[in-house]
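S.K.: Here is the input, now give the coordinates:
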Amino acid sequence: MSGEDWYLDFLKGLLPKMEALENSLSIIIQGPLNTRMKESIPHYLKVVKNRQYFSKALHGNELSKDKMLGNLIISCWENDDFSIIEEFKNYPNIKIVINKYSNLPKYEKRLGTRGASPWMFQNYTTKNGLSEATGNLSIKVRSDEVYTNLEYFTKRMFLEYGKIFTSDIFFRRDAEEKFHISDHVIGGPTCTMKSAFQNAVHMCQNPYSEGVKFPEQLICRAFLKTKNEDLSKTYKSKEMMKRNFRIIPITRLGEITWTCSYRRYRPLKSQEDGWLQDINQI
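M.R.: From the prediction side, this is the model:
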């Protein structure tokens with residue numbers, strides 16, 4: 001075999017491995033442990049397993065056991081009811097991150113009709129969960145919600161790699177609220193997700209910028225900062241949003257249960273009026 005033939009065979013063999021690596025996925029379930037997780041975890045595990053990639057870890061000059069790329073992370077709080085996830089705690093595909101209130105950095109306190117808990121809580125648990133993500137892409141979901149078809153969300157993410165995907169829940173038009181995404185389901189490249197939620201935690205520690213009235217707006221700005229967008233140019237807000245975000249309506253995500261504070265966390269099944277469902281309509 002000539003050198004050129006060998007190299008061609010090498011590239012052919014490498015291609016499926018690289019595709020598998022690129023397709024690896026982590027899902028982060030963040031928030032206080034909720035009984036709805038008994039339903040959601042099996043669905044999310046299936047999505048993660050379908051996209052896991054195993055590679056040999058290199059120690060010194062020797063290859064050792066397989067390294068698993070792609071996992072399910074549960075980022076919760078130390079005083080939660082851990083009996084809820086008892087049957088899942090020893091799964092090799094699951095990593096549990098236990099957050100302590102005593103470790104929370106000082107933060108600006110902002111309460112409102114939405115996002116009634118301090119905004120730091122969501123961003124802190126998500127940031128810490130992402131620190132354990134091994135997949136090339138990551139999706140953040142809430143512990144009190146269920147989406148039985150996150151596979152559809154995942155496929156769309158890979159089709160437009162590099163974009164930030166969210167659900168349509170509370171996603172607002174520019175004329176109503178600038179930089180107002182949905183924060184219920186968020187996905188993108190893991191490196192982008194990590195940087196954005198690190199930004200969000202930092203932003204929670206400082207006086208909120210003008211125009212940040214809701215937690216979704218803070219998270220949106222954190223992502224746009226990661227993308228090096230100039231947030232001072234608010235007259236270009238539509239362009240920024242179209243350039244960076246994509247929306248997946250919850251009607252495409254199987255049998256769903258969503259919830260929110262102003263609806264007293266009741267299990268909700270259908271969309272509400274006013275949600276933006278296509279970024280081109282912003």
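S.K.: Start and end of stretch 74-94, how far apart?
M.R.: Distance between the two ends of stretch 74-94: 7 Å, counting by CA to CA, to the nearest Å.
S.K.: quick one: buried residues of it?
M.R.: Buried residues in stretch 74-94, counted by 16 or more other CB atoms under 10 Å: 74, 75, 76, 77, 80, 84, 85, 88, 94. Where C-beta positions appear, they are placed from N, C-alpha and C, glycine not excepted.
S.K.: my guess is the first one is in a helix, correct?
M.R.: What it means is residue 74. No - counting by DSSP: H, G, I helix; E, B strand; the rest coil, residue 74 falls outside a helix, being strand.
S.K.: In this structure it contacts residue 99, no?
M.R.: No - using CB atoms under 8 Å, residue 74 is not in contact with residue 99; the gap is 10.7 Å.
S.K.: which one among the buried residues of stretch 74-94 gets closest to residue 175?
M.R.: residue 75 (34.9 Å; CB to CB).
S.K.: could you measure the closest one against residue 206, distance?
M.R.: 23 Å (CB to CB, to the nearest Å).
S.K.: Same check on residue 228?
M.R.: 20 Å.
S.K.: Kindly report the same for residue 72.
M.R.: Distance from residue 72 to residue 206, by CB to CB: 32 Å.
S.K.: And those two? Which one has more around it.
M.R.: residue 72 (26 against 10; other CB atoms under 10 Å).
S.K.: ok but residue 140 is inside a helix, no?
M.R.: No - secondary structure of residue 140 (three-state DSSP): strand, not part of a helix.
S.K.: That one reaches residue 125, doesn't it?
M.R.: No - assessed by CB under 8 Å, residue 140 is found out of contact with residue 125, at 9.4 Å.
S.K.: so what's in contact with those two at the same time?
M.R.: Common neighbours of residue 140 and residue 125, using CB atoms under 8 Å, 6 or more residues apart in numbering, are residue 30.
S.K.: Looking at the two, which is more packed in?
M.R.: More neighbours surround residue 140 than the other of residue 140 and residue 125, with 29 against 25 (other CB under 10 Å).
S.K.: And the pLDDT at that one?
M.R.: On pLDDT, residue 140 comes in at 98.
S.K.: again with residue 68
M.R.: Model confidence at residue 68, given as pLDDT, is 81.
S.K.: element containing it, please.
M.R.: Using DSSP states H and E, residue 68 falls within strand 62-69.
S.K.: list the buried ones in stretch 205-222?
M.R.: So, applying 16+ other CB under 10 Å, buried residues of stretch 205-222: 208, 212, 214, 215, 216, 217, 218, 219, 220, 221, 222.
S.K.: Now do that stretch: distance to the chain's middle.
M.R.: A distance of 18 Å separates the centroid of the chain from that of stretch 205-222, by CA atoms, centre = their mean, to the nearest Å.
S.K.: what distance separates the start and the end of that stretch?
M.R.: 13 Å.
S.K.: and what of stretch 228-237?
M.R.: Across stretch 228-237, first to last residue, CA to CA, it's 13 Å.
S.K.: And the strands in the stretch 51-200 of the chain?
M.R.: Secondary structure of the stretch 51-200 of the chain (DSSP state E, counting those that start in this stretch): strands at 53-59, 62-69, 72-77, 94-99, 137-142, 146-147, 164-167, 186-189.
S.K.: how about the ones you listed, which one is nearest residue 25?
M.R.: Of the strands of the stretch 51-200 of the chain, nearest to residue 25 by CB to CB is strand 137-142, at 5.3 Å.
S.K.: Quick one: list the elements packing against that closest one.
M.R.: strand 25-30, helix 119-130, helix 150-159, strand 186-189, helix 190-204 (3 or more CB pairs under 8 Å, 6 or more residues apart in numbering; DSSP states H and E).
S.K.: mind running it again at 10 Å?
M.R.: strand 25-30, helix 37-50, strand 72-77, helix 119-130, helix 150-159, strand 164-167, strand 186-189, helix 190-204 (3 or more CB pairs under 10 Å, 6 or more residues apart in numbering; DSSP states H and E).
S.K.: Tell me the gap between that strand and the middle of its chain.
M.R.: With CA atoms, centre = their mean, you get 3 Å for strand 137-142.
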